[in-house]
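Enquirer: No letters, just coordinates:
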């Protein structure tokens, strides 16, 4: 896999490794609320990384 693919997968793994993620999914009223929580937990700062996190969270939200 390419470096970029590995980078994206690494962020995805970081999202799913957050303690309390499942509980937060249940407690969040919107996907934006959940995305902001995940971004804060990960300490994500760049817009590129935030975009990746938001994509992962959107996929997670739609699966609920």
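Expert: Received it, and whenever you're ready, just let me know what you need. Fair warning: this is a prediction, and the values are worked out from it, not measured in the lab. Numbers count the residues shown, from 1 in each chain.
Enquirer: does the residue nearest the centre of the chain belong to a helix or a strand, and which?
Expert: Centroid-nearest residue in the chain: residue 53, 3.7 Å away (criterion: C-alpha atoms, centre = their mean). Taking DSSP states H and E as the criterion, residue 53 maps to helix 47-62.
Enquirer: I'd like the mean pLDDT over that helix, please.
Expert: The predicted model assigns helix 47-62 a mean pLDDT of 97.
Enquirer: for that helix, which positions count as buried?
Expert: Within helix 47-62, the residues that count as buried by 16 or more other C-beta atoms under 10 Å are 49-50, 52-54, 56-57, 60. Any C-beta I mention is one placed from the backbone N, CA and C, and that applies to glycine too.
Enquirer: Nearest to residue 41 among the residues you listed?
Expert: Using C-beta to C-beta, residue 53 comes nearest to residue 41 of the buried residues of helix 47-62, at 9.7 Å.
Enquirer: got the contact list for that closest one?
Expert: By C-beta atoms under 8 Å, 6 or more residues apart in numbering, residue 53 lies in contact with 11, 15, 35, 38-39, 42, 44.
Enquirer: For the residues you listed, give me a markdown table that also has neighbour count and secondary structure.
Expert: Converted to a markdown table, the contacts of residue 53 look like this (neighbours: other C-beta atoms under 10 Å; DSSP: H, G, I helix; E, B strand; the rest coil):
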| residue | neighbour count | secondary structure |
| --- | --- | --- |
| 11 | 18 | helix |
| 15 | 22 | helix |
| 35 | 22 | helix |
| 38 | 23 | helix |
| 39 | 17 | helix |
| 42 | 16 | helix |
| 44 | 20 | coil |
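Enquirer: Quick check: the farthest pair among those?
Expert: Pairwise distances across the contacts of residue 53 (C-beta to C-beta) peak at 12.8 Å, for the pair 11 and 35.
Enquirer: related to what we said a few turns ago, save the contacts of residue 53 as CSV, and put in pLDDT and distance to residue 22 too.
Expert: Output for the contacts of residue 53, formatted as CSV (pLDDT from 0 to 100; distance: C-beta to C-beta, whole Å):
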residue, pLDDT, distance to residue 22
11, 97, 18
15, 98, 12
35, 98, 16
38, 98, 12
39, 98, 17
42, 98, 16
44, 96, 20
